[in-house]
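**Student:** quick one: sequence and predicted model below, then my questions.
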Amino acid sequence: MQKNLWLLVLLLFSFSGRLIAQNSKKNKPIIQERIINADFSQAAGKLNTMFNECVGAGRANEGLRADWQQQLAYVKKECGFRYIRMHGLLTDDMAVYTEDNKGNPQYNYMYVDALFDFLHSIGIKPFVELGFMPGRLASGNATIFWWRGNVTPPKDYDKWAALVKNLTEHFTERYGADEVKTWYFEVWNEPNLSPGFWTGTQEDYFKLYKYSAQAVKSVNKAYRVGGPGTAGAAWEPEMIEYCHKNNVPIDFISTHAYGVGQGFLDEYGQGGTVLDKNPMSVSKEVLQSRKEIKESVMPNLELHYTEWSSSYTPADAIHDSYHSAAYVLQKLKQVGNAANSMSYWVFTDIFEEPGPRYTPFHGGFGMLNTQGINKPVFYSYQFLNRLRNIELVNKDLASWICKDSSGNIQGLVWDYTYTLPDSTNNQQYYNRDLPSKPKGKLKINIANVPDGNYALEVYKVGYRDNDAYSTYLSIGKPSQLSKQQVEQIKRQNDGSPFSKEIITIKNGNAFSKALDLRENDVFFLNMIKL
């Protein structure tokens with residue numbers, strides 16, 4: 001009897017042990033694994049570099065500042081932008097147009113020359129926005145922004161056309177027709193946001209476009225002109241139909257998109273914005289624009305998104321947050337080949353639409369803050385610029401794997417996770433310390449890499465990795481930064497690789513790298529053949 005009792009006890013212990021082991025196994029967290037497979041010998045084709053074709057800036061007059069120019073030269077060098085677009089070229093603070101006491105036009109391009117000569121000196125071309133209205137040519141007094149860009153139609157369309165023609169002739173004389181043929185001329189900015197950016201009607205805008213386009217083409221038919229530069233991908237079919245029906249020249253469609261789910265205009269940054277939950281926000285508009293062009297009577301028009309970003313307000317903390325780095329890459333990847341350019345709005349926080357800013361991090365649009373501190377989104381564009389010209393076949397939807405003719409390999413990989421809680425706006429959420437959660441293991445495998453030695457550098461952007469805003473929070477979020485604090489933030493977020501090693505590929509072995517991945521991390525891998 002006693003022997004049977006002991007056997008029963010042993011059986012119970014054994015059974016309970018198996019239950020504990022099984023429950024322990026069940027409760028053990030499953031480690032997610034994301035695997036990216038590529039093959040060095042399988043090229044998808046030439047890398048589409050529409051991502052750094054153009055970048056935005058606030059207004060032309062800001063381009064006369066030394067710090068603005070220094071920052072643009074730096075961004076041009078690191079991110080490779082080829083064009084720049086800005087407002088206010090014809091606004092009164094550029095002193096372009098006035099009239100004598102008899103109403104005769106007087107033109108002056110001294111400030112424009114100073115700005116465009118600088119652009120030319122650093123190898124960046126103007127994407128010329130024709131606007132806003134010079135005061136002496138305006139039909140009314142309505143303005144937008146702290147710097148008072150006049151948004152009324154011209155009181156005399158012939159005088160407006162004469163100004164545009166004279167300006168285009170001046171550009172031709174100064175820079176040569178072959179150079180100006182490579183530029184773009186865009187008529188106005190967001191005329192569908194009335195009366196914000198345009199007090200006239202759609203019909204009035206089309207009239208302005210007609211006079212402008214014909215003036216540009218009268219100087220040289222090869223010069224490129226387009227519009228309507230609308231917010232929210234508006235007026236595109238109507239624009240094409242108008243130009244076709246009235247035999248008005250047009251070379252490209254331009255429009256804008258921002259990744260928020262409400263409204264379009266917040267010039268002083270006073271609204272509460274909410275990042276759109278739709279996984280295809282921004283990119284769905286670009287794809288739709290391309291579809292509208294393709295189905296039109298002018299299916300081969302170029303498409304330029306001359307403004308885009310996560311948010312349309314100059315006071316949105318998402319612009320400063322590490323979340324923006326992954327967000328931008330996600331949208332650009334989704335756009336694919338639909339756009340000829342996607343011009344990020346803007347390269348610097350030296351930006352005075354709502355007036356001068358009073359704190360170093362205020363949710364400004366820029367890739368750099370006013371003191372030239374790199375924000376996380378800057379590194380996304382720097383990494384994109386470091387991708388070489390041959391893209392490899394890759395089924396992963398959040399990465400690029402590239403190579404060049406010398407055998408160097410680059411990988412740009414990210415996680416984009418929407419974390420904004422319901423009933424919370426961007427201004428309440430992204431301005432705080434936001435630790436990122438683990439997303440498991442990331443494995444990058446590249447087959448058929450040529451034998452040899454490679455220097456592997458791995459760069460990272462994410463929470464507290466090249467995340468200047470988190471550093472700013474950690475030093476107490478001062479309203480003003482001392483010189484030493486600026487240097488500290490720059491030093492701690494200088495874009496240095498977080499790991500370096502020499503690896504050897506031999507006997508046809510594949511390259512493989514495993515990394516710990518968190519929400520909204522961005523990795524750039526650079527394999528340099530030695």
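**Tutor:** Happy to help now that I have it.
**Student:** please count neighbours and contacts with C-alpha atoms only from this point.
**Tutor:** Fine.
**Student:** packing partners of the strand or helix carrying residue 159?
**Tutor:** Secondary structure from DSSP states H and E places residue 159 in helix 157-175. Applying 3 or more CA pairs under 8 Å, 6 or more residues apart in numbering; DSSP states H and E, one finds that helix 157-175 contacts helix 202-219.
**Student:** flag the shaky bits of this structure, pLDDT-wise.
**Tutor:** Segments of the chain classed as low confidence (criterion: pLDDT under 70) are 1-31, 263-264.
**Student:** who are the neighbours in contact with the spatially most central residue of it?
**Tutor:** Among the residues of the chain, the one closest to the centroid is residue 344, at 2.9 Å (CA atoms, centre = their mean). Contact analysis of residue 344 by CA atoms under 8 Å, 6 or more residues apart in numbering lists 54, 55, 56, 306, 307, 308, 309.
**Student:** for stretch 135-144, measure first residue to last.
**Tutor:** End-to-end distance of stretch 135-144 (CA to CA, to the nearest Å): 13 Å.
**Student:** quick revisit: quick check: the gap between the residue nearest to the centre of the chain and residue 70.
**Tutor:** 19 Å.
**Student:** go on, residue 43?
**Tutor:** 38 Å.
**Student:** which one of the two has more residues nearby?
**Tutor:** Neighbours per residue (other CA atoms under 10 Å) separate residue 43 from residue 70, with residue 43 holding more: 17 against 13.
**Student:** in the sheet, who's paired with the more buried one?
**Tutor:** Legend: beta-bridge partners of residue 43 under DSSP bridges are residue 392.
**Student:** surely it and residue 391 touch.
**Tutor:** Yes - when contacts are counted by CA atoms under 8 Å, residue 43 is listed as touching residue 391 (5.9 Å).
**Student:** and residue 322, what does it touch?
**Tutor:** 375, 376, 377, 461, 462, 463, 467, 469, 520.
**Student:** contact partners for residue 82?
**Tutor:** 52, 53, 54, 76, 123, 124, 125.
**Student:** what strand or helix carries residue 315?
**Tutor:** With DSSP H and E as the criterion, residue 315 is inside neither a helix nor a strand.
**Student:** that one and residue 411, how far apart?
**Tutor:** According to CA to CA, residue 315 and residue 411 sit 33 Å apart.
**Student:** neighbour count: the two, which is higher?
**Tutor:** residue 315 (26 against 23).
**Student:** contacting residues for the more buried one?
**Tutor:** 268, 269, 270, 362, 363, 364, 365, 427.
**Student:** ok, the fifth one touching residue 312?
**Tutor:** When you say that, I think you mean residue 363. No - Residue 363 lies out of contact with residue 312 (CA under 8 Å); the separation is 10.8 Å.
**Student:** quick revisit: buried ones only from the contacts of residue 344, please, as a ChimeraX command.
**Tutor:** Entered in ChimeraX, the line below selects the buried ones among those, by 16 or more other CA atoms under 10 Å:
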select :54,55,56,306,307,308,309
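**Student:** still on that earlier bit, can you flag the buried ones in the contacts of residue 82?
**Tutor:** Using 16+ other CA under 10 Å, the buried ones in the contacts of residue 82 are 52, 53, 54, 76, 124, 125.
**Student:** let's have these in TSV, adding secondary structure and distance to residue 275.
**Tutor:** Converted to TSV, the buried ones among the contacts of residue 82 look like this (DSSP: H, G, I helix; E, B strand; the rest coil; distance: CA to CA, whole Å):
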residue	secondary structure	distance to residue 275
52	helix	24
53	coil	25
54	strand	24
76	helix	28
124	coil	32
125	strand	32
